[in-house]
Each structure stands twice: as C-alpha cells, then as structure tokens.
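Trainee: Next come a sequence and a model predicted from it.
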Amino acid sequence: MSDAEIIFTELPAAQRKLGRITLSVAATLNSLTLDMVDLLQAQLDAWRDNDDIGAIFIEGAGEKAFCAGGDVQALHQSAVETPGGPCEYAEAFFTREYRMNYTLHTYPKPIICWGHGIVMGGGLGVMAGCSHRIVTEKTRIAMPEVTIALFPDVGGSWFLNHMPGKSGQFLALTGASINAADAIYTGMAGRFIASEHKDEVVEQLLRQAWSADFSANHALAKHTLRPFSEQSVSQCPGGQVEPHLSTINTLCDGDDIHEIIDNIVGQQTQDPWLARARDSLAHGSPLAALWIHRQLMETRHASLREVFQAEIQLATNIVRHPEFTEGVRALLIDKDRNPNWQYKASRDVPAEQLDAFFTAPWDENPLADL
C-alpha cells in the first residue's frame with residue numbers, strides 16, 4: 001500500500017489511457033490538504049496536455065467517503081496563529097483550491113467522478129467540477145458551513161444558485177444533508193449507479209477506444225455509463241428535496257433574510273428532515289447566515305470565473321474574523337457544540353459589519369487571472 005495522500009495511475013485502455021485519481025487518506029475521510037490540492041492541480045495540468053490520456057476517473061479510498069471536505073483544523077490553526085490576518089496557510093489553501101476547482105469545471109477531457117459515501121465541502125467542490133458525476137446508494141452530500149461560520153464555497157455560489165426553486169438557498173442556510181436522488185434532482189450529479197457496479201464500470205472504461213476528439217470522448221463516457229444507470233434505477237433511494245420543494249419555497253419566501261431565518265427556525269414540524277434542517281440553522285452562526293444569503297444574492301448572475309473571484313474575497317475576510325475560529329473550536333476542536341457567536345440573532349448584526357465581508361482585503365484579487 002502507498003502512503004501517498006493521492007495515488008495517480010495511468011491505466012492502458014483499448015486506445016490511449018485512463019488516468020485514475022484516488023484520494024487516499026481514508027482515516028480523515030479523504031479530506032483535502034494544501035499539498036493534496038497542489039498535487040491535483042499539477043496532475044490535471046499534466047494530463048490535460050498529455051495526448052495519451054483520453055479520460056480521467058476520480059474516486060476516494062475506503063467505503064466511507066469520497067471526500068469529506070478541506071482540512072478545517074489546519075485552516076483553524078492558521079487563523080488562530082494570525083488573528084485578523086493575513087492567514088497565510090488558510091488563504092493559500094482557499095486560493096489554490098478554488099483554482100483547482102475552476103480547472104475541473106473547465107477541463108476539456110471527460111472526468112468521471114465516483115461520488116460514493118460522504119461528499120461534503122471541498123469534496124463537493126471536486127465532484128461538482130467533474131463532467132460526469134456518479135452517485136450511489138451510500139452517497140451523503142452536505143454543505144454545513146453555517147455551523148462553523150464559513151459559507152458554501154468551492155463553487156457553491158454557482159451550483160446552489162442553479163438548483164430548482166429555492167432549494168439551493170435552503171440547503172446553504174441549513175446545511176441539510178441530501179442523498180443520491182436529491183443530488184440528481186438538484187443537478188449536483190448526473191447519474192445514479194449502484195456501488196456494486198464500480199469495478200465493472202472501471203473495466204468498461206478501459207475497454208473504450210479513447211481518441212483525440214474531446215467531444216467524442218465525452219459521448220463515449222456517457223455511452224459507457226448509461227447501461228449501469230439503467231440497471232441501477234430500482235436501487236436509488238427516495239429523495240427529500242423534490243417532495244419538500246413546495247415547503248422549501250414557502251419557507252424561503254420572506255421579505256428579507258431575517259424573515260426567511262424566522263420561517264425556517266420557527267417551523268413546528270414533525271418531519272425529521274425539515275426538523276434537522278431547522279435545528280442546524282438555529283444553532284449556526286447568525287452572522288454566517290447573513291453572509292451566506294448575501295453571497296448567493298450577489299453571485300446569482302455571475303459567471304463561473306466571477307463566482308470564484310467573489311468566493312476568495314469572502315473566504316479571506318471570514319478566515320481573518322474570529323467567528324470562524326469560534327465555530328471550528330466548538331464543533332471540531334473542543335467539540336462542546338456550544339459556540340459563543342458574536343451576535344445572538346441576525347437582526348443584531350450591524351449593516352457595516354456585514355458590508356466589511358464583501359469589501360476586498362487586498363489591492364488585487366488572487367484569482368484575477370482565471
């Protein structure tokens with residue numbers, strides 16, 4: 001077994017090769033470190049320009065997770081070491097992670113993502129950027145950043161704004177967990193394939209005659225995956241988002257963000273999924289709920305490039321602010337689940353305090369060259 005955090009292999013196919021990426025830190029649920037981000041970027045760049053590589057398959061080691069996100073404890077340490085910033089490691093992590101996410105979204109060759117198990121935060125950023133996104137009966141997706149005073153980044157400002165109705169806003173504010181059926185309904189994934197077919201999927205990908213024609217290769221990937229989707233239909237679990245969409249739209253139909261928060265937190269519901277979503281927002285950072293909502297509003301018509309530029313601005317300002325370190329401390333460091341949020345309610349947040357998070361902290365955006 002390799003000790004590498006990521007394993008890259010080139011597998012001979014019928015023509016050309018299949019590049020295989022395995023996020024290989026099962027003990028941390030394959031959470032991304034800065035080194036892993038840099039390794040991914042370098043390999044993606046190399047394979048993009050390598051005519052021998054026809055397509056790429058990306059997976060997570062172990063059965064529990066594709067990728068549970070970024071290494072938040074390392075980000076916390078960086079923020080604690082330099083309160084008020086600049087937070088060198090954390091800011092470098094976000095900048096290079098978003099650049100890698102943008103590379104995935106704009107990659108010319110097919111990238112097939114096997115999104116099995118937990119897919120959260122930074123892991124969702126990786127999956128969302130892949131051109132062929134597969135989920136299984138064990139897939140569990142969430143963006144629970146409100147609970148640690150962050151926001152759904154890694155392109156979340158893009159894909160959450162493109163979800164049906166108000167579902168993206170609801171998921172962003174509550175961090176609600178969704179499954180494979182929800183992922184397909186909201187556009188987070190393209191196909192459901194039962195996990196028992198994984199080895200056969202890879203085997204069939206290796207039988208394909210990949211060419212130098214990117215469009216033909218994307219068609220070939222679809223052609224290869226489609227029969228497995230058809231065989232797996234009966235094993236797809238029931239979703240939560242589509243059956244609850246009318247309720248979600250009603251809850252998010254407030255005059256302002258404060259009323260939306262009131263609607264969600266004030267629910268008297270016996271529905272377990274809605275109740276968990278309610279409780280997550282109720283215990284999350286009121287300040288974070290405001291910047292999450294504003295970020296989605298400000299980027300709703302933005303291009304993908306503009307989304308990542310807006311996200312690095314917000315992420316940089318957040319990591320320099322003590323709300324983030326307190327959220328991570330309470331949930332992941334001390335694990336007392338009793339954060340001392342700066343404001344007790346969203347209406348207590350001064351307008352100028354929120355505005356500061358949407359003001360550039362540097363002369364030039366580090367992603368200006370995307």
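Mentor: Yes, it's here.

Trainee: Spit out the contact partners of Thr269.
Mentor: Going by Cβ atoms under 8 Å, 6 or more residues apart in numbering, Thr269 touches 275, 278. The C-beta positions use only the backbone N, C-alpha and C, and glycine is treated the same way.

Trainee: Report pLDDT for it.
Mentor: Thr269 carries a pLDDT score of 96 in this model.

Trainee: Is it in a helix, a strand, or coil?
Mentor: Using DSSP: H, G, I helix; E, B strand; the rest coil as the criterion, the local structure at Thr269 reads coil.

Trainee: now the most centrally placed residue in the chain: how far from Gln77?
Mentor: With distances taken as Cα atoms, centre = their mean, the residue of the chain nearest its centroid is Leu124 (2.7 Å). Here the distance between Leu124 and Gln77 works out to 23 Å (Cβ to Cβ, to the nearest Å).

Trainee: Buried ones in the helix or strand of the chain with the lowest mean pLDDT, by neighbour count?
Mentor: Lowest by mean pLDDT, DSSP states H and E among the helices and strands of the chain is helix 72-81, with a mean of 95. Of the residues in helix 72-81, those buried by neighbour count under the rule 16 or more other Cβ atoms under 10 Å are 72, 74-80.

Trainee: of all those residues, which comes closest to Gly187?
Mentor: Within the buried residues of helix 72-81, distances to Gly187 taken as Cβ to Cβ reach their minimum at Val72, with 25.9 Å.

Trainee: From what I see, the closest one and Ile333 are in contact.
Mentor: No: judged on Cβ atoms under 8 Å, Val72 makes no contact with Ile333 at a distance of 9.5 Å.

Trainee: hmm, who's touching the least confident helix or strand of the chain?
Mentor: Under the criterion Cβ under 8 Å, 6+ apart, residues 31, 33-34, 85, 87-91, 93, 121, 148, 319-320, 324-325, 328-329, 332-333 lie in contact with helix 72-81.

Trainee: In stretch 287-305, which residues are buried?
Mentor: Of all the residues in stretch 287-305, those buried under the rule 16+ other Cβ under 10 Å are 287-296, 299, 302, 304.

Trainee: Can you tell me which of those is closest to His223?
Mentor: Top of the list for closeness to His223, among the buried residues of stretch 287-305 and by Cβ to Cβ, is Leu304 at 26.9 Å.
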